[in-house]
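Pasted the sequence and its predicted model underneath.
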Amino acid sequence: MIFSGKLFLDAVRFITAFFLARLLGPKDYGMYSLALSATNIGVGLALLGLDAALIRYVAVMVGRKDDESVWGTIQVGVSVAMLLSVVTGTVLFGFAYPIAEYAFQKASLAPLLQLAAVLIPALTMSEVLASITKGFSHMDYPVIAQFVFQPVFRLVMIVILAFSKFNPFTAIVTFGLADLGASLLMLYYLNQIYPLRRPLLPAKRDLKGLMVFSLPVWISGLMVKFQNNIQAIMLGTIGSITGVGLFSIASQITAISGHFTSSINTSSKPIVAQLHDQKDMQQLGQIYQTANKWAVMVQLPIFLIMVFYPDALLSIFGNKYTEGASALIVLAIADLLNVGTGMGGIIIDMTGHTKLKLMNSILRLGLYLGLDLLLIPRWGLMGAAVAVVIGEGTVNFLRLIQVYILFKLLPFNMGFIKPVIATISAAGGALLLGIWLPSEINLLFHAALGSAFLLLIYTGVTYLLGFSQEETFMLDGVRNRAQKFFKRPS
């Protein structure tokens, strides 16, 4: 369900980005992106690593049937995160004008930063509630709240407000209201799984244990959160606000390709934690390889589409955004490296190696900052993209090595030969089609035809190469679920 939800989320986000890009333009879209980046960093500060800790601790305690520890963990997680979110939001609100004027030389950004500060508690609560629910292995409720309700509600508000004077402030308001609604819905769903109207005691509140786990995760998670937004911030300070808008749209497109992997990783977190707790390394290794193979099989054709047709993809948002075509290709390479090296980060996380995660995050943040300072003044938008591919590639290969040293597990097997052959065949077919089609053909039509041809070859070669017993079993499961879904009474 997570993958289906993220596919739906991708579609709605794409439509939302289309409207926002058209309504705002690259410069105002850049200001909107900077404000949301500030919000995301604020949420990262407030979470204190409790999002990952709550998934792990709730999953382990549920597996042990220790209800008092589950209840105590929820109390600690919610109270600490909410307190810190209020403090973080207050600080950002108070320093909004100095940040806007001295860091970005853009005083008009200050009201947007203040609005972003007000949103921090709601976004923090949404993440905490989602993590608790995932710890109970109920992935469907966060999907409904965060992947369906939130983006749809937001899109509807944007469409309605598009007929008035639309600006970055309005765009952020729609984001905040939608996330507040998602938080309330998550609270309702959590109460269905685990009734919350109960006395505060009895409860085992292992604050020290949670903090020992969460603090290294928090520092590394904060670095990841900062790293995910650092390109916008660095482009805004030593580049241009317009560059922020172009980079944000290119990143929006590449984000679509990584959601299948993200879905698998999210579903695997509680399972990895429980298998490690049970010391079942054989089953953990099977999940590691199976998850990576399916993620790569889905990623490769999407990667080819982004590499062959970047101008067409960006032109959907407006012709001004096609300046980011080269950056989109580089970001696509970074996503492929991220997916292709497996879910090593999840295994390191859920097996309690938080100091190792912290070391990886420090390295990645250092690479990003150093490369941004070196490359953005010279290459602008392309410099930011190159920093991403080097940073992601280095850390993901390092994680692969670390997991092998710790557990003697690798995410690859001989089954990876098949998607590689299918990818080479599809790329060759797309190149031949590009030579055959007349050069004056419409850009979007060329991309649509080429993408369809590419996907047809990729799927056909994959089918001709045959499916393993494991793949046949998974496909049968998908087919059975689809049949049950369409046979539901209306």
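Yes, it's here. Numbers count the residues shown, from 1 in each chain.

count of residues packed around Ser108?
For Ser108, the count of nearby residues is 13 (other C-beta atoms under 10 Å). Every residue, glycine included, has its C-beta placed from N, CA and C.

Repeat that for Ala203.
17.

can you list the domains in the protein?
Annotated domains of the chain cover 2-412, 415-490 [automatic domain parsing].

Using TSV, lay out those together with mean pLDDT.
TSV is the format used below for the domains of the chain (pLDDT from 0 to 100):
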stretch	mean pLDDT
domain 2-412	84
domain 415-490	78
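
Buried deepest among those, which one?
domain 2-412 (a mean of 20; mean count of other C-beta atoms under 10 Å).

What residues does Ala178 make contact with?
Ala178 sits next to Phe149, Gln150, Pro151, Phe153, Arg154, Met157 when contact means C-beta atoms under 8 Å, 6 or more residues apart in numbering.

quick one: the third one from Ala430, how far?
Between Pro151 and Ala430 the distance, using C-beta to C-beta, to the nearest Å, works out to 31 Å.

Is His138 within a helix or a strand, and which one?
Here His138 is covered by no helix or strand, with elements defined by DSSP states H and E.

quick one, strands of this protein?
For the chain, no strands turn up when DSSP state E is the criterion.

quick one: contacts of stretch 20-32?
Applying C-beta under 8 Å, 6+ apart, the set of residues contacting stretch 20-32 from outside is 106, 108-109, 112, 158, 162, 166-168, 171-172, 232, 235-236, 240-246, 248-249, 317-318, 320-321.

Just the C-alpha atoms of it, please, in PDB.
Extracted C-alpha coordinates of stretch 20-32, given in PDB (Å, rounded to 0.1, in the frame of the first residue of the first chain):
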ATOM      1  CA  LEU A  20       2.900  26.400  -8.300                       C
ATOM      2  CA  ALA A  21       5.600  26.800 -10.900                       C
ATOM      3  CA  ARG A  22       3.200  28.300 -13.400                       C
ATOM      4  CA  LEU A  23       1.600  30.600 -10.800                       C
ATOM      5  CA  LEU A  24       4.800  31.800  -9.100                       C
ATOM      6  CA  GLY A  25       7.600  31.600 -11.600                       C
ATOM      7  CA  PRO A  26      11.200  30.600 -10.900                       C
ATOM      8  CA  LYS A  27      12.000  33.500  -8.500                       C
ATOM      9  CA  ASP A  28       8.900  33.300  -6.300                       C
ATOM     10  CA  TYR A  29       9.100  29.500  -6.400                       C
ATOM     11  CA  GLY A  30      12.600  29.800  -5.100                       C
ATOM     12  CA  MET A  31      11.500  32.000  -2.200                       C
ATOM     13  CA  TYR A  32       8.700  29.500  -1.400                       C
END
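
residues contacting the closest residue to Val173 other than its chain neighbours?
Excluding the flanking residues, the one nearest Val173 by C-beta to C-beta, 6 or more residues apart in numbering is Leu115, at 7.0 Å. Counting by C-beta under 8 Å, 6+ apart, Leu115 touches Ala35, Phe169, Ile172, Val173, Gly176.

if I look at the closest residue in space to the third one that isn't next to it in sequence, how far off is Leu177?
Across the structure, with C-beta to C-beta, 6+ apart as the measure, the residue nearest Ile172 apart from its sequence neighbours is Leu115 (5.2 Å). Distance of Leu115 to Leu177, given as C-beta to C-beta: 11 Å.

I'd like to know the phi and psi angles of Gly318, please.
When read as degrees, to the nearest 10, the backbone of Gly318 gives phi 130, psi 150.

what about it, distance to Ala17?
Gly318 is 11 Å from Ala17, by C-beta to C-beta.

the helices in the stretch 51-200 of the chain, which residues?
67-94, 96-98, 110-135, 140-142, 150-161, 168-193 (DSSP state H, counting those that start in this stretch).

Gly366: which of these is closest?
helix 67-94 (23.7 Å; C-beta to C-beta).

Give me the helices and strands touching that closest one, please.
Counting contacts by 3 or more C-beta pairs under 8 Å, 6 or more residues apart in numbering; DSSP states H and E, helix 67-94 packs against helix 2-47, helix 50-63, helix 110-135, helix 207-238.

In a markdown table: the ones you listed, plus distance to Ile457.
Formatted as a markdown table, the helices and strands packed on helix 67-94 follow (distance: least, C-beta to C-beta, whole Å):
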| stretch | distance to Ile457 |
| --- | --- |
| helix 2-47 | 22 |
| helix 50-63 | 40 |
| helix 110-135 | 37 |
| helix 207-238 | 34 |
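
what sits against Asp311?
Asp311 neighbours (C-beta under 8 Å, 6+ apart): Thr322, Ala325, Leu443.

So which residue of this protein lies furthest out from the middle?
Of all residues in the chain, Pro438 has its C-alpha farthest from the mean position, at 38.1 Å, by C-alpha atoms, centre = their mean.

That one and Pro270: what is the separation?
Distance, Pro438 to Pro270, by C-beta to C-beta: 53 Å.
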